[in-house]
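1. give me the fold of what follows.
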Amino acid sequence: MKTYDEMANSALRRIHAHEQRRKKQFCIGAALSFLVVLGGFGIWQQGQGQKQETFSAVKEKQTPPAEEAPVYEKGGADQLGWIRYEGKEYVQVAGADVSQLVIGDYIGQASEMPGSYEKDVQTSLGIDGALYQVDGHAKWLLLRLENGGEVLLSASGS
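-> Take a look at the predicted model:
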């Protein structure tokens, strides 16, 4: 049989061991909670820097009226160009199929017009091409780029 002192010491050791386990469990729980909060904050922060823009909004603004609209192809999105000609701004129509358009009169080089193709401008796209009117479409211009590509430009607000 245990003496009173042995029973008291045994009880105190068990209490002390129980307190140590509770401290350990609390520390583990707090550390896991901190990691979950930190991970959630990181995921939330990562989404804050990303602004997803859809090209459909850009296309809607620049698409000519439905009765005159050319056929569009799905394709990559590049930087849209623009030109100011005779007081109007003409903006690139993204993905327009220009193969059926009839080329009209030659206007000049795109680099000579104010806009994103203009020479010696910091915002220039760095490419040039010949600018033509499009027969039957007063609000359209066709730009034949030096690299062989063709770009349809539509008057803003049309």
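
2. now residue 145. Its backbone dihedrals?
-> Note on residue 145: backbone dihedrals following degrees, to the nearest 10 are phi -80, psi 160.

3. now it, nearest residue through space, not along the chain?
-> Of all residues not flanking residue 145 in the chain, residue 129 sits nearest, at 3.9 Å (CB to CB, 6 or more residues apart in numbering). Any C-beta I mention is one placed from the backbone N, CA and C, and that applies to glycine too.

4. do you know the pLDDT at that neighbour?
-> Looking at residue 129, its pLDDT reads 84.

5. next, the contact list for it, please.
-> By CB atoms under 8 Å, 6 or more residues apart in numbering, residue 129 lies in contact with 109-110, 117, 143-146, 151.

6. domain map for this structure?
-> What automatic domain parsing lists as the domains of the chain is 1-52, 55-155.

7. ok now stretch 24-37, how far from the chain's centre?
-> In this view, stretch 24-37 has its centroid 38 Å away from the chain centroid, taken as CA atoms, centre = their mean, to the nearest Å.

8. number of residues surrounding residue 94?
-> If you count neighbours by other CB atoms under 10 Å, residue 94 ends up with 20.

9. if we can go back for a sec, deepest of the domains of the chain, which one?
-> Mean neighbour count (mean count of other CB atoms under 10 Å) peaks for domain 55-155 among those, with a mean of 15.

10. strands of the chain, residue ranges please.
-> Ranges of strands in the chain, per DSSP state E, are 82-85, 88-92, 103-109, 129-134, 137-145, 150-155.

11. got those strands as TSV, with distance to residue 19 columns?
-> Shown next, in TSV, are these (distance: least, CB to CB, whole Å):
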stretch	distance to residue 19
strand 82-85	74
strand 88-92	73
strand 103-109	85
strand 129-134	81
strand 137-145	78
strand 150-155	76
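
12. tell me which of these sits nearest to residue 32.
-> Comparing the strands of the chain against residue 32 with CB to CB, the closest turns out to be strand 88-92 (53.2 Å).

13. direction included, what does that closest one pair up with?
-> Here strand 88-92 is paired, per DSSP bridges, with strand 82-85 (antiparallel), strand 150-155 (antiparallel).

14. give me the contact list for the shortest one.
-> Outside of strand 82-85, the residues that reach it under the criterion CB under 8 Å, 6+ apart are 89-92, 107, 110, 113-117, 131, 141, 143, 153.

15. ok, of those residues, which one's closest to residue 45?
-> Taking CB to CB as the measure, residue 45 lies nearest residue 116 of these, at 34.1 Å.
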